[in-house]
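**Student:** have a look at this fold, sequence not included:
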């Protein structure tokens, strides 16, 4: 015991190799610094098992601490088993686990402070990353997600006119109105308020959405059929996992929404690309368990699915006992008449899952999507959602949105947006169907935030024009980004316009035209950026 | 053509079996009502292919509509392929798909209005739910979720003192302060604001959390290592899916958190229950890929994992090349000294995933959790999160929380909560370790919102007391709810106290005592609800 007590008779300089002062400057709290310094000393073996620690009074005096701080540090050490206290006997370093050698790398490193030189063993342990064997699901999701990265980005350093779609940009969203609506809901939160929420989301918003879908889209559903999701991706991912797995097949539109491909790949199911023409997806008698379709406005081409095909898809699902996910991603952005009624409104057997979102119509920051589930899938969906998102994150936003829809604010916003988008799309078409008509074949559309166009010429010319346009300060989204199948395909382009101003669109088109003239893809013209005449 | 035009010469009464007026009262919009009435007529076969529809002028006159409304309805029908328009020729009902018989149930039903009598075929189709073959994952998740339902509920109609844990209840949360913080962030949102957000969550909150973890828990990490999640369940579910699958094994504490069992079952991996004693989980040389552990305060028993065991777990993970998920679910509710430092702070090899949450320390409505990921798992985790929750839902709340932590408001709130919880727990222990000490053996704890107790007697007596107490107006959470293994186990109980007032706790204990006296489990005493003396 003499040896053990010796350091305290002489002072504590020899006690801690990890100085208390360093710890103090690191963690800013005296008792925590003391606790850490002692703990590190014990873990590193500097303080041997059985060592008697100084009394709280001694230690408080040595370090100019209050006895309360020292007691606190000792209590923490005792609670974790670093020290043992016998009443009236003092505080002793507890026995260290026999299974671990005194200088095991895992322990040595634990006492390292930033900047301190590592031992070789410690450096080796730190530099050798643990072997990671992901699950098959983890591998698939990683691979599929990797393909998505950078899809929607401008080239590095690009500062020209970018037609890469990015929603409405900063344009036109009534922030003041929306913030007032959310603030009003926030004021209502608190003790005694009706804060009912469940995995399904705000009951009020679900009711308002059900009513709106009935009124605007002819979908007869109740709040019970609607589940609020964190954007539409969550709904697509969960439905995919419920219905797909290795050995099953999902049909996806080609070109189509890459997020759907991501979700399907994640499940391990086979992905069967389905062709799309100017009337939307071409129905076939697929051997498949699930079909993803964007009937109201095909993504990305914008084609409207004809009635015959809609009925044929429902008929297919009925005969094959398959399911359909209808992704109605931007039906609200239609200025040519009312939004077209969805497949779901024709679904008599309960085979269609209808997915919608407010992230496009409002702001991408507003992550409110929803799914209308057929009866058979409702409970399985809600149970699965509990894994990832058991309770809604933004109940105030959900209630605010319900209020905004009921008060008519949302529809006023939509009308404004439709006018703006219509005007901007017309400006874009003036160019693509005017000076660039010999190069691009646009797909007619009276909705949306982006316009799809096929390339009329050969692929080499397309690539040259794309590169030259980029150099001249105009960039568009390559249509191949939306391909679901491998192999050759007609070059195509997606021109997002909703985030731009009319002058920017005109300037971007003019730069592409100049690039095309330089490459001798179209004859020289003198109309500048006015567009309108057809050089084809 | 004469037959086709006849209805319009005579009037339109015969034209629509689904009256326009009914539609109008349903959908509140004239052109939409007309569109739906026409569409239903076409789909049901009442309007035959080739039928020429009246001109917009005729129809507008017949229904007292504006010609604009009629045009809009016709445009919508044309866009969807229900009608075809030849310039100067009029509007004709389009051909219906040959593959579908005129009276197929799927079509007949589409024209049904609410309350209308269904045809037999339609009724049959509606009453026969589609065959649902969930994926193996879907089946597992459904089964596992089903076991969770009703776990934390009071008995139906129960109106007494319920010790079923439910967080802090309405007590003490500084709603005004928090709302002001969120409102301030809401005001900053909008055009031109710095609204940077990614799948990982608010960069500012991630930085603040990393700093706080370094200061308070000794976890050295940066914002890059932290990902914000929608509560801790999302983190647990995603990590499970990344590392587990059929053929792999996860070790879980028994008793333990049912949500972890849910996540493990979902992956198809085997679940190996690990015993827990008064010093936490008992380390073994498990053949397993992943270990879930609550070292700071074992859930639900409250035991603190001793240092030897912590080091043994890390050693196990290193030797087995396995991973550890440390669920630090309520370390912030510790009044006995500082929060105990987590396993993660001793993790040198990068094998520990640290999961935390603000839903317990603040309000369960606030769904902000986080995960500190070792380098190897960071990117796979973020990629997988993109499937379910690609962007944070509540960026304003996230930024508000960062601000609240930095300004010290969160810590002030925690200190208040700790004082309250300490007092309430002491009141509960006065009862459980006083008049009920002969029945229950509490597990010492200086933290948390609930107190765990083992039953000293036999199971039959436990069940009788539980039932009699319920009748007398006191109910607790049965410890078997947290069992991970099947088979017999010592009866136990979890007493949540944080949502109650001191008087409620005393009243609840007194009711249990009376019930125990009635059942002759303890002798009659005369101390009422004062507790303190031991009848064992």
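**Tutor:** All right, it came through fine. Everything numeric in this text was worked out from a predicted model, so none of it was measured.
**Student:** around chain B, which positions in the stretch 151-300 of chain A sit nearby?
**Tutor:** Within the stretch 151-300 of chain A, the positions adjacent to chain B are A:170, A:173, A:175, A:179, A:182-183, A:186-187, A:189-192, A:195, A:197, A:214-216, A:218, A:220, A:230-231, A:233-234, A:237-238, A:241-245, A:248, A:262-263, A:266-267, A:279, A:289 by Cβ under 8 Å from any Cβ of the partner chain. Yep, even glycine has a C-beta here, placed from its N, CA and C like the rest.
**Student:** in chain A, where's the longest helix?
**Tutor:** Counting residues, the longest helix found in chain A (DSSP state H) is helix A:409-432.
**Student:** which neighbouring elements make contact with that helix?
**Tutor:** Helices and strands touching helix A:409-432, as assessed by 3 or more Cβ pairs under 8 Å, 6 or more residues apart in numbering or on different chains; DSSP states H and E, comprise helix A:175-188, helix A:395-406, strand A:440-442, strand A:450-455, helix A:502-518.
**Student:** could you list the domains of chain A?
**Tutor:** Domain segmentation of chain A under automatic domain parsing yields A:2-127, A:153-169+A:413-518, A:175-407.
**Student:** among these, which is nearest residue B:318?
**Tutor:** domain A:2-127 (5.9 Å; Cβ to Cβ).
**Student:** what's the helix or strand for the spatially most central residue of chain A?
**Tutor:** The centroid of chain A falls nearest to residue A:233 when counting by Cα atoms, centre = their mean (7.7 Å). Counting by DSSP states H and E, the element that carries residue A:233 is helix A:231-243.
**Student:** could the helices and strands packed on helix A:409-432 go into TSV alongside mean neighbour count and mean pLDDT?
**Tutor:** TSV is the format used below for these (neighbours: other Cβ atoms under 10 Å in any protein chain shown; pLDDT from 0 to 100):
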stretch	mean neighbour count	mean pLDDT
helix A:175-188	17	83
helix A:395-406	23	91
strand A:440-442	20	95
strand A:450-455	23	95
helix A:502-518	21	96
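**Student:** tabulate these in JSON lines, adding columns for distance to residue B:494.
**Tutor:** Listed next are the helices and strands packed on helix A:409-432 as JSON lines, based on distance: least, Cβ to Cβ, whole Å:
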{"stretch": "helix A:175-188", "distance to residue B:494": "33"}
{"stretch": "helix A:395-406", "distance to residue B:494": "27"}
{"stretch": "strand A:440-442", "distance to residue B:494": "65"}
{"stretch": "strand A:450-455", "distance to residue B:494": "54"}
{"stretch": "helix A:502-518", "distance to residue B:494": "62"}
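**Student:** all helices of the stretch 251-400 of chain A, in order?
**Tutor:** A:258-267, A:307-320, A:375-388, A:395-406 (DSSP state H, counting those that start in this stretch).
**Student:** and the angle from the first one to helix B:375-388?
**Tutor:** What that stands for is helix A:258-267. Orientation note: helix A:258-267 sits at an angle of 120 degrees relative to helix B:375-388 (axes from the mean of the first three to the mean of the last three Cα atoms, to 10 degrees).
**Student:** got a list of contacts for helix A:258-267?
**Tutor:** A:137, A:140-141, A:143-145, A:147-148, A:151, A:233, A:236-237, A:240-241, A:244-246, A:248, A:250, A:252, A:271, A:292, A:327, A:481-482, A:484, B:135, B:137, B:386-387 (Cβ atoms under 8 Å, 6 or more residues apart in numbering or on different chains).
**Student:** quick check: angle from that helix to helix B:231-243?
**Tutor:** Counting by the same axes, to 10 degrees, helix A:258-267 lies at 60 degrees to helix B:231-243.
**Student:** one more: the second one?
**Tutor:** Here helix A:307-320 runs at an angle of 70 degrees relative to helix B:231-243 (the same axes, to 10 degrees).
**Student:** picking that back up, can I get the helices of the stretch 251-400 of chain A in CSV with distance to residue B:522?
**Tutor:** Below are those laid out as CSV (distance: least, Cβ to Cβ, whole Å):
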stretch, distance to residue B:522
helix A:258-267, 57
helix A:307-320, 65
helix A:375-388, 41
helix A:395-406, 45
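**Student:** hmm, back to that, pLDDT of the helix holding residue A:233, averaged?
**Tutor:** Helix A:231-243 shows a mean pLDDT of 94 in the predicted model.
**Student:** pull the contacting residues for the closest residue to residue A:417 other than its chain neighbours.
**Tutor:** In this structure, residue A:417 finds its nearest non-sequential neighbour in residue A:172, 6.1 Å apart by Cβ to Cβ, 6 or more residues apart in numbering or on different chains. Counting by Cβ under 8 Å, 6+ apart, residue A:172 makes contact with A:413, A:416, A:417, A:420.
**Student:** got a PyMOL select line for the buried ones in the residues of the stretch 151-300 of chain A next to chain B?
**Tutor:** This is how PyMOL selects the buried members of those, with burial counted by 16 or more other Cβ atoms under 10 Å in any protein chain shown:
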select buried, chain A and resi 173+175+179+182+183+186+189+190+195+197+214+216+218+220+230+231+233+234+237+238+241+242+243+244+245+248+262+263+266+267+289
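**Student:** any idea how far residue A:53 is from residue A:83?
**Tutor:** 7 Å (Cβ to Cβ, to the nearest Å).
**Student:** mutual contacts of those two, please.
**Tutor:** A:38, A:74, A:91, A:92, A:93.
**Student:** and the fourth one, which of the three is it?
**Tutor:** What DSSP: H, G, I helix; E, B strand; the rest coil gives for residue A:92 is strand.
**Student:** run a quick neighbour tally on it.
**Tutor:** If you count neighbours by other Cβ atoms under 10 Å in any protein chain shown, residue A:92 ends up with 17.
**Student:** ok, it to residue B:146 distance?
**Tutor:** On the measure of Cβ to Cβ, residue A:92 and residue B:146 end up 51 Å apart.
**Student:** and if you look at residue A:289?
**Tutor:** Using Cβ to Cβ, one gets 23 Å for the distance from residue A:289 to residue B:146.
**Student:** tell me which of the helices and strands packed on helix A:409-432 lies nearest to residue A:303.
**Tutor:** Residue A:303 lies closest to strand A:450-455 among the helices and strands packed on helix A:409-432, at 8.5 Å (Cβ to Cβ).
**Student:** buried ones in the helix or strand following that closest one, by neighbour count?
**Tutor:** Sequence-wise, the next helix or strand downstream of strand A:450-455 (DSSP H and E) is helix A:459-472. The neighbour-count check on helix A:459-472 (16+ other Cβ under 10 Å) flags A:461, A:462, A:464, A:465, A:466, A:468, A:469, A:470, A:472 as buried.
**Student:** now do the contacts for the fourth one.
**Tutor:** This means residue A:465. So residue A:465 contacts A:439, A:512, A:515, A:516, A:519, A:521 (Cβ under 8 Å, 6+ apart).
**Student:** thought the fourth one was touching residue A:439?
**Tutor:** Yes: in terms of Cβ atoms under 8 Å, residue A:516 counts as a neighbour of residue A:439; the distance is 6.2 Å.
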